[in-house]
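Peer 1: When you get a sec, could you give me coordinates for this:
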Amino acid sequence: MSSAENNTPLVKNKLIAPFIAIVSLVLGLSTFIGWQSLSSNIPDTSPASLSEQLKDDGVFVFPQAINVTDVPFLNEEGQTVGKNENLGKWSFIFFGYTFCPDVCPTTLAVMQQMWIKLSPDMQSQTQVVLVSVDTERDTPVQLKTYMDYFDPSFTAFTGKPASLRSFATQLNAVYAKVERKNAQGGIDTELGYLMDHSANITILDPNGNYFGFIRPPFTPKKMSKIVTTIQAQR
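Peer 2: Model (predicted):
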C-alpha cells in the first residue's frame, strides 16, 4: 500500500474529529440556551425564593417548616384549643398582653388595617392571634373585650404558665415580668407590673408548624404584601 493511501484515513480522521466536536458544542450550547430560556419562565416557588422576595420586609422563612408540638390554651371564648383546632389557616401570631401600653395595641392596629384590605377568600385562609404572656390578668373575658376592639375576627390565647412557656420556647419568643418601682426603689404594687416580650410576628403554616417570622417595624402595606405573597406561592 502506498504512503498516499496510508495517509488518507488519517487525514479524514483529523478533519472529522474537530467537525464532530464543533457540532456537539453547538448542539450542546443550543440545548443549554433553550433550557435556560424555558426554565426562566418557570416560577420559582421554593422557600428560598420566597425568603428572597420578602427579606427586605424583615421576613425570615425557614427552608422547611419546624414541627410545633400540641399545646393546650383557652381562647377568648373560653374554649380549649390546641394545634388541631388551628389547622387549615396561615397564623400570624403576636406575643403580647392587654395591659401593654404601646407595642401591642400599635401592632394589632396595623394588623386590623391590613385585615380589612384582604379579600374574603384570603381572610378565610388567615388568622391573627394574640398569645398572652400575662396569664395572671388576661382572662378569656378580658381578651375578648380587647380583641373585639380591633376586629372580632381576631383571636387570642391564654392558659397555664407551663403551656405558654412551652409554646413560646418552640417559637423562639421570650418574655419576662417587670415590677415597677417607686421613688424609693421599692416595688410599687399600685402601678402594677409590666411584661417585657418579643416584638416579632410568628408565622405558622396551615399545618400548625413554625414557618418563619417577621421583624418589626410593621405597616399595613408591608403586612399586606407579606400575607398575599406567602399565600400566593405556598
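Peer 1: My read is that residue 222 contacts residue 56, right?
Peer 2: No - assessed by Cβ atoms under 8 Å, residue 222 is found out of contact with residue 56, at 9.7 Å. (C-beta placed from N, C-alpha, C; glycine too.)
Peer 1: the more surrounded of the two?
Peer 2: residue 222 (19 against 8; other Cβ atoms under 10 Å).
Peer 1: Could you report the separation of that one from residue 59?
Peer 2: Counting by Cβ to Cβ, to the nearest Å, the gap from residue 222 to residue 59 is 9 Å.
Peer 1: now swap in residue 216 and tell me
Peer 2: 12 Å.
Peer 1: When those two are compared, which one has more neighbours?
Peer 2: Ranked by neighbour count (other Cβ under 10 Å), residue 216 and residue 59 place residue 59 first, with 21 against 15.
Peer 1: got the contact list for that one?
Peer 2: Going by Cβ atoms under 8 Å, 6 or more residues apart in numbering, residue 59 touches 51, 212-215, 226.
Peer 1: Make a PyMOL selection of whichever of those turn out to be buried.
Peer 2: Selection of buried members from those for PyMOL, criterion 16 or more other Cβ atoms under 10 Å:
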select buried, resi 212+213+214+226
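Peer 1: packing partners for the host helix or strand of residue 149?
Peer 2: According to DSSP states H and E, residue 149 maps onto helix 140-150. Where contact means 3 or more Cβ pairs under 8 Å, 6 or more residues apart in numbering; DSSP states H and E, helix 140-150 is packed against strand 73-75, helix 103-115, strand 126-132, strand 155-158.
Peer 1: need the helices for the protein, in chain order.
Peer 2: Under the criterion DSSP state H, the chain contains helices at 3-40, 47-54, 103-115, 120-124, 140-150, 161-170, 220-233.
Peer 1: May I see the helices and strands packed on helix 140-150 arranged in a markdown table, with mean neighbour count, mean pLDDT and distance to residue 139 as well?
Peer 2: Shown next, in a markdown table, are these (neighbours: other Cβ atoms under 10 Å; pLDDT from 0 to 100; distance: least, Cβ to Cβ, whole Å):
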| stretch | mean neighbour count | mean pLDDT | distance to residue 139 |
| --- | --- | --- | --- |
| strand 73-75 | 21 | 97 | 9 |
| helix 103-115 | 19 | 98 | 16 |
| strand 126-132 | 24 | 98 | 9 |
| strand 155-158 | 25 | 98 | 7 |
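Peer 1: Number of residues surrounding the nearest residue to residue 140 once chain neighbours are set aside?
Peer 2: The spatial neighbour of residue 140 that comes closest, neighbours along the chain excluded (Cβ to Cβ, 6 or more residues apart in numbering), is residue 78 at 4.2 Å. Neighbours of residue 78 under the rule other Cβ under 10 Å: 12.
Peer 1: roughly how far apart are residue 78 and residue 185?
Peer 2: Taken as Cβ to Cβ, the span from residue 78 to residue 185 is 40 Å.
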